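**Q** test case, fold it:
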Amino acid sequence: MRNVPYERYDRVPRDVLPIGTDYEPGHLLEWHTHRRAQFLYSATGSMIAETDDGTWTVPSERAVLIPAGTRHRIRMLGASTRSLYLEPTAVPWWPAACTVVDVTPLLRELLLVAVDFGPDYDLAGREGAVASLLLFEIAALTPLPLHVRLPADPRLAALCRDYLAHPEPGVTNADWARRLALSERGLVRRFRAELGSSPSAWRVRARLIAAVPLLREHAISRVAGDLGYASPAAFTAAFTRTFGVPPSALRGT
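**A** Numbering: from 1, shown residues only. Prediction:
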(Lines give C-alpha, C1' and ligand atoms only; values in the text may rest on other atoms or scores of the structure.)
Protein backbone atom coordinates (compact mmCIF):
# COMPACT_ATOMS: atom_id res chain seq x y z
CA MET A 1 0.00 0.00 0.00
CA ARG A 2 1.25 3.47 -0.84
CA ASN A 3 0.38 6.93 0.47
CA VAL A 4 -2.51 5.73 2.63
CA PRO A 5 -3.17 6.57 6.31
CA TYR A 6 -1.95 3.88 8.68
CA GLU A 7 -4.95 4.37 10.99
CA ARG A 8 -7.33 3.06 8.34
CA TYR A 9 -5.67 -0.36 8.45
CA ASP A 10 -4.47 -0.60 12.06
CA ARG A 11 -6.91 -3.38 12.95
CA VAL A 12 -6.34 -5.49 9.85
CA PRO A 13 -5.48 -9.01 11.12
CA ARG A 14 -1.90 -9.02 9.85
CA ASP A 15 1.18 -8.90 12.08
CA VAL A 16 3.10 -6.97 9.41
CA LEU A 17 1.42 -4.00 7.73
CA PRO A 18 3.63 -2.43 4.99
CA ILE A 19 2.97 1.15 3.80
CA GLY A 20 5.08 3.35 1.51
CA THR A 21 4.77 7.15 1.77
CA ASP A 22 6.31 10.06 -0.14
CA TYR A 23 6.82 13.40 1.65
CA GLU A 24 7.67 16.93 0.63
CA PRO A 25 11.08 18.20 1.87
CA GLY A 26 10.77 19.58 5.38
CA HIS A 27 7.41 17.91 6.05
CA LEU A 28 6.83 17.52 9.79
CA LEU A 29 4.77 14.68 11.21
CA GLU A 30 3.71 16.24 14.48
CA TRP A 31 3.62 14.43 17.84
CA HIS A 32 1.68 11.18 17.66
CA THR A 33 1.73 7.55 18.79
CA HIS A 34 0.99 4.19 17.18
CA ARG A 35 -0.59 1.15 18.76
CA ARG A 36 1.81 -0.96 16.73
CA ALA A 37 5.61 -0.90 16.69
CA GLN A 38 7.01 0.83 13.61
CA PHE A 39 9.98 0.08 11.38
CA LEU A 40 10.50 3.34 9.48
CA TYR A 41 12.91 3.10 6.54
CA SER A 42 14.19 6.12 4.61
CA ALA A 43 14.41 4.97 0.99
CA THR A 44 15.57 8.44 -0.08
CA GLY A 45 16.54 11.58 1.82
CA SER A 46 16.88 11.53 5.58
CA MET A 47 14.72 11.91 8.67
CA ILE A 48 15.00 13.22 12.20
CA ALA A 49 12.93 11.30 14.75
CA GLU A 50 12.25 12.87 18.13
CA THR A 51 10.75 11.52 21.34
CA ASP A 52 10.51 13.00 24.83
CA ASP A 53 13.87 11.33 25.60
CA GLY A 54 16.03 12.18 22.60
CA THR A 55 16.48 12.59 18.86
CA TRP A 56 17.58 10.06 16.25
CA THR A 57 18.99 11.04 12.86
CA VAL A 58 18.15 8.56 10.10
CA PRO A 59 20.19 8.80 6.87
CA SER A 60 18.82 7.37 3.64
CA GLU A 61 18.87 3.58 3.33
CA ARG A 62 18.77 3.32 7.13
CA ALA A 63 15.79 2.88 9.41
CA VAL A 64 14.56 3.69 12.90
CA LEU A 65 12.76 1.18 15.11
CA ILE A 66 10.01 2.93 17.09
CA PRO A 67 8.42 1.05 20.02
CA ALA A 68 4.65 0.72 20.23
CA GLY A 69 2.98 3.55 22.13
CA THR A 70 6.03 5.85 21.97
CA ARG A 71 5.15 9.53 21.51
CA HIS A 72 7.24 10.85 18.64
CA ARG A 73 7.45 13.26 15.74
CA ILE A 74 9.37 12.97 12.48
CA ARG A 75 10.88 15.66 10.26
CA MET A 76 11.27 14.51 6.67
CA LEU A 77 14.27 15.90 4.79
CA GLY A 78 13.32 14.93 1.25
CA ALA A 79 12.36 11.47 2.47
CA SER A 80 10.40 8.73 0.77
CA THR A 81 9.66 6.09 3.41
CA ARG A 82 8.77 2.43 3.61
CA SER A 83 7.12 1.57 6.91
CA LEU A 84 6.23 -1.69 8.58
CA TYR A 85 3.63 -1.40 11.34
CA LEU A 86 4.03 -4.46 13.53
CA GLU A 87 1.78 -6.08 16.10
CA PRO A 88 3.71 -5.91 19.40
CA THR A 89 3.03 -9.59 20.09
CA ALA A 90 4.86 -10.48 16.88
CA VAL A 91 8.05 -8.65 17.95
CA PRO A 92 8.58 -9.28 21.69
CA TRP A 93 12.30 -8.58 21.09
CA TRP A 94 11.63 -5.02 19.86
CA PRO A 95 13.87 -2.42 21.59
CA ALA A 96 12.38 -0.39 24.44
CA ALA A 97 13.69 2.88 22.95
CA CYS A 98 14.05 4.15 19.38
CA THR A 99 17.02 2.63 17.58
CA VAL A 100 18.62 3.55 14.25
CA VAL A 101 19.78 0.53 12.26
CA ASP A 102 21.69 -0.23 9.10
CA VAL A 103 19.59 -1.94 6.43
CA THR A 104 20.91 -4.88 4.43
CA PRO A 105 20.45 -5.17 0.66
CA LEU A 106 18.12 -8.14 1.16
CA LEU A 107 15.92 -6.27 3.62
CA ARG A 108 15.80 -3.25 1.32
CA GLU A 109 14.50 -5.40 -1.55
CA LEU A 110 11.95 -7.09 0.71
CA LEU A 111 10.65 -3.69 1.79
CA LEU A 112 10.28 -2.52 -1.79
CA VAL A 113 8.28 -5.66 -2.58
CA ALA A 114 6.12 -5.55 0.55
CA VAL A 115 4.73 -2.02 0.09
CA ASP A 116 2.85 -3.28 -2.97
CA PHE A 117 0.91 -5.81 -0.88
CA GLY A 118 -2.78 -5.21 -0.23
CA PRO A 119 -3.94 -4.98 3.42
CA ASP A 120 -5.39 -8.49 3.32
CA TYR A 121 -2.44 -10.20 1.64
CA ASP A 122 -2.28 -13.99 1.57
CA LEU A 123 -0.58 -15.28 4.71
CA ALA A 124 -0.15 -18.77 3.27
CA GLY A 125 1.50 -17.70 0.00
CA ARG A 126 4.49 -15.70 -1.23
CA GLU A 127 3.37 -12.48 0.50
CA GLY A 128 3.10 -14.17 3.88
CA ALA A 129 6.58 -15.65 3.42
CA VAL A 130 7.99 -12.19 2.64
CA ALA A 131 6.32 -10.77 5.75
CA SER A 132 7.85 -13.49 7.92
CA LEU A 133 11.29 -13.02 6.39
CA LEU A 134 11.09 -9.28 7.05
CA LEU A 135 10.87 -9.94 10.79
CA PHE A 136 13.85 -12.32 10.74
CA GLU A 137 15.94 -9.76 8.84
CA ILE A 138 15.02 -6.86 11.16
CA ALA A 139 15.92 -8.89 14.25
CA ALA A 140 19.46 -9.36 12.89
CA LEU A 141 20.20 -5.70 12.08
CA THR A 142 23.14 -3.73 13.48
CA PRO A 143 22.28 -0.63 15.60
CA LEU A 144 23.89 2.71 14.73
CA PRO A 145 24.58 5.26 17.52
CA LEU A 146 23.01 8.18 15.62
CA HIS A 147 21.11 9.63 18.56
CA VAL A 148 21.43 12.21 21.29
CA ARG A 149 19.60 12.06 24.62
CA LEU A 150 17.52 14.89 26.04
CA PRO A 151 17.16 15.86 29.72
CA ALA A 152 13.86 15.26 31.49
CA ASP A 153 13.97 18.73 33.06
CA PRO A 154 11.74 20.88 30.80
CA ARG A 155 14.00 23.94 30.89
CA LEU A 156 17.13 21.96 30.08
CA ALA A 157 15.26 20.02 27.39
CA ALA A 158 14.07 23.25 25.75
CA LEU A 159 17.64 24.54 25.74
CA CYS A 160 18.84 21.34 24.08
CA ARG A 161 16.06 21.33 21.48
CA ASP A 162 16.94 24.91 20.56
CA TYR A 163 20.56 23.92 20.13
CA LEU A 164 19.71 20.93 17.95
CA ALA A 165 17.76 23.28 15.68
CA HIS A 166 20.66 25.78 15.56
CA PRO A 167 23.93 24.05 16.60
CA GLU A 168 26.18 27.11 16.84
CA PRO A 169 29.77 26.08 17.66
CA GLY A 170 30.45 29.26 19.68
CA VAL A 171 27.83 28.56 22.37
CA THR A 172 29.37 28.08 25.84
CA ASN A 173 28.27 26.82 29.24
CA ALA A 174 28.22 30.44 30.36
CA ASP A 175 25.69 31.28 27.63
CA TRP A 176 23.42 28.46 28.72
CA ALA A 177 23.79 29.28 32.41
CA ARG A 178 22.71 32.88 31.77
CA ARG A 179 19.63 31.74 29.87
CA LEU A 180 18.55 29.63 32.85
CA ALA A 181 19.66 32.13 35.51
CA LEU A 182 22.08 29.56 36.94
CA SER A 183 25.76 29.55 37.75
CA GLU A 184 27.96 27.58 35.37
CA ARG A 185 28.67 25.12 38.16
CA GLY A 186 24.95 24.72 38.82
CA LEU A 187 24.24 24.12 35.13
CA VAL A 188 26.94 21.47 34.85
CA ARG A 189 25.74 19.76 38.04
CA ARG A 190 22.14 19.57 36.79
CA PHE A 191 23.21 18.37 33.37
CA ARG A 192 25.44 15.64 34.74
CA ALA A 193 22.67 14.48 37.07
CA GLU A 194 20.28 14.17 34.10
CA LEU A 195 22.49 12.73 31.37
CA GLY A 196 25.78 11.73 32.95
CA SER A 197 27.81 14.11 30.76
CA SER A 198 28.74 17.77 30.70
CA PRO A 199 26.82 20.33 28.60
CA SER A 200 29.91 20.94 26.46
CA ALA A 201 30.29 17.21 25.69
CA TRP A 202 26.58 17.04 24.85
CA ARG A 203 26.93 19.97 22.43
CA VAL A 204 29.85 18.27 20.66
CA ARG A 205 27.72 15.18 20.03
CA ALA A 206 24.72 17.31 19.01
CA ARG A 207 26.83 19.11 16.39
CA LEU A 208 28.09 15.82 15.01
CA ILE A 209 24.51 14.54 14.80
CA ALA A 210 23.56 17.75 12.97
CA ALA A 211 26.27 16.97 10.42
CA VAL A 212 24.51 13.83 9.15
CA PRO A 213 21.80 15.50 7.03
CA LEU A 214 24.25 18.23 5.95
CA LEU A 215 26.53 15.60 4.44
CA ARG A 216 23.84 14.86 1.85
CA GLU A 217 24.30 18.23 0.19
CA HIS A 218 27.69 19.66 1.16
CA ALA A 219 31.35 18.70 1.04
CA ILE A 220 32.93 17.43 4.24
CA SER A 221 35.20 20.51 4.32
CA ARG A 222 32.19 22.85 4.39
CA VAL A 223 30.33 20.83 7.03
CA ALA A 224 33.47 20.76 9.19
CA GLY A 225 33.86 24.54 8.94
CA ASP A 226 30.17 25.26 9.61
CA LEU A 227 30.31 23.14 12.77
CA GLY A 228 33.41 24.82 14.14
CA TYR A 229 36.14 22.28 13.34
CA ALA A 230 39.61 23.59 12.44
CA SER A 231 40.01 21.12 9.58
CA PRO A 232 38.16 18.33 7.76
CA ALA A 233 40.61 15.88 9.35
CA ALA A 234 39.66 17.01 12.86
CA PHE A 235 35.96 16.71 12.03
CA THR A 236 36.44 13.27 10.46
CA ALA A 237 38.35 12.02 13.50
CA ALA A 238 35.67 13.27 15.92
CA PHE A 239 32.83 11.87 13.81
CA THR A 240 34.47 8.46 13.44
CA ARG A 241 35.32 8.28 17.13
CA THR A 242 31.72 9.07 18.10
CA PHE A 243 29.74 7.02 15.57
CA GLY A 244 32.10 4.28 14.49
CA VAL A 245 31.98 5.24 10.79
CA PRO A 246 33.65 8.12 8.92
CA PRO A 247 31.46 10.92 7.54
CA SER A 248 32.37 9.74 4.03
CA ALA A 249 30.23 6.65 4.71
CA LEU A 250 27.17 8.91 4.88
CA ARG A 251 28.04 11.21 1.99
CA GLY A 252 25.16 11.54 -0.42
CA THR A 253 22.71 9.83 1.94
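
**Q** report the beta-bridge partners for the residue nearest to Met1 when sequence neighbours are not counted.
**A** Here the nearest residue to Met1 in space, its sequence neighbours aside, is Ile19; by C-beta to C-beta, 6 or more residues apart in numbering that works out to 5.0 Å. The way it works is simple: take the backbone N, C-alpha and C, and place the C-beta from them, glycine included. Here Ile19 sits in beta bridges with Ser83, going by DSSP bridges.

**Q** isn't Ala97 up against Trp56?
**A** No: in this structure, Ala97 sits apart from Trp56 without contact. The criterion is C-beta atoms under 8 Å, and the distance is 9.2 Å.

**Q** buried ones in stretch 31-51?
**A** Judged by neighbour count (16 or more other C-beta atoms under 10 Å), stretch 31-51 contains these buried residues: 34, 36-43, 45-51.

**Q** quick check: mean pLDDT of the helix or strand encompassing Val188?
**A** Taking DSSP states H and E as the criterion, the element that holds Val188 is helix 184-195. Looking at helix 184-195 alone, the average pLDDT works out to 96.

**Q** go on, stretch 119-137?
**A** Stretch 119-137 shows a mean pLDDT of 97 in the predicted model.

**Q** in it, what's buried?
**A** In terms of neighbour count (16+ other C-beta under 10 Å), stretch 119-137 has its buried residues at Tyr121, Glu127, Gly128, Val130, Ala131, Leu134, Leu135, Glu137.

**Q** OK, contacts around Ala152?
**A** Applying C-beta atoms under 8 Å, 6 or more residues apart in numbering, we find Ala152 in contact with Asp53, Glu194.

**Q** start at 22, not 1
**A** Taking 22 as the first residue, the last one we looked at is Ala173.

**Q** in which helix or strand does it reside?
**A** When elements are defined using DSSP H and E, Ala173 is found to belong to no helix and no strand.

**Q** quick check: Ala240 vs Ser269, distance?
**A** Using C-beta to C-beta, to the nearest Å, Ala240 is found at 11 Å from Ser269.

**Q** and His55, by the same measure?
**A** As for His55, its distance to Ser269 is 35 Å (criterion: C-beta to C-beta).

**Q** can you check Asp141 too?
**A** According to C-beta to C-beta, Asp141 and Ser269 sit 44 Å apart.

**Q** now Asp123
**A** Asp123 sits at a distance of 16 Å from Ser269 (criterion: C-beta to C-beta).

**Q** and what of Ala258?
**A** 12 Å.

**Q** could you do Glu238 as well?
**A** Shown here: Glu238 relative to Ser269, a distance of 15 Å by C-beta to C-beta.

**Q** and if you look at Gly90?
**A** Counting by C-beta to C-beta, the gap from Gly90 to Ser269 is 37 Å.

**Q** run me through the strand neighbours of the one helix or strand Leu50 maps to, direction for each.
**A** Element membership of Leu50, judged by DSSP H and E, is strand 49-53. Pairing partners of strand 49-53, with direction, according to DSSP bridges: strand 93-107 (antiparallel).

**Q** which positions within whichever helix or strand comes after the partner strand qualify as buried?
**A** Beyond strand 93-107 on the C-terminal side, the first helix or strand identified by DSSP H and E is strand 120-123. Using 16+ other C-beta under 10 Å as the burial criterion, the residues of strand 120-123 that qualify are Thr120, Val121, Val122.

**Q** do the same with stretch 221-233
**A** Neighbour-count burial for stretch 221-233, counted by 16+ other C-beta under 10 Å, picks out Trp223, Arg224, Val225, Arg226, Ala227, Arg228, Leu229, Ile230, Ala231, Ala232, Val233.

**Q** show me the strands in the stretch 22-171 of the chain, by range?
**A** Listed in chain order, the strands of the stretch 22-171 of the chain (DSSP state E, counting those that start in this stretch) span residues 37-43, 49-53, 58-72, 75-79, 83-87, 93-107, 120-123, 164-165, 168-170.
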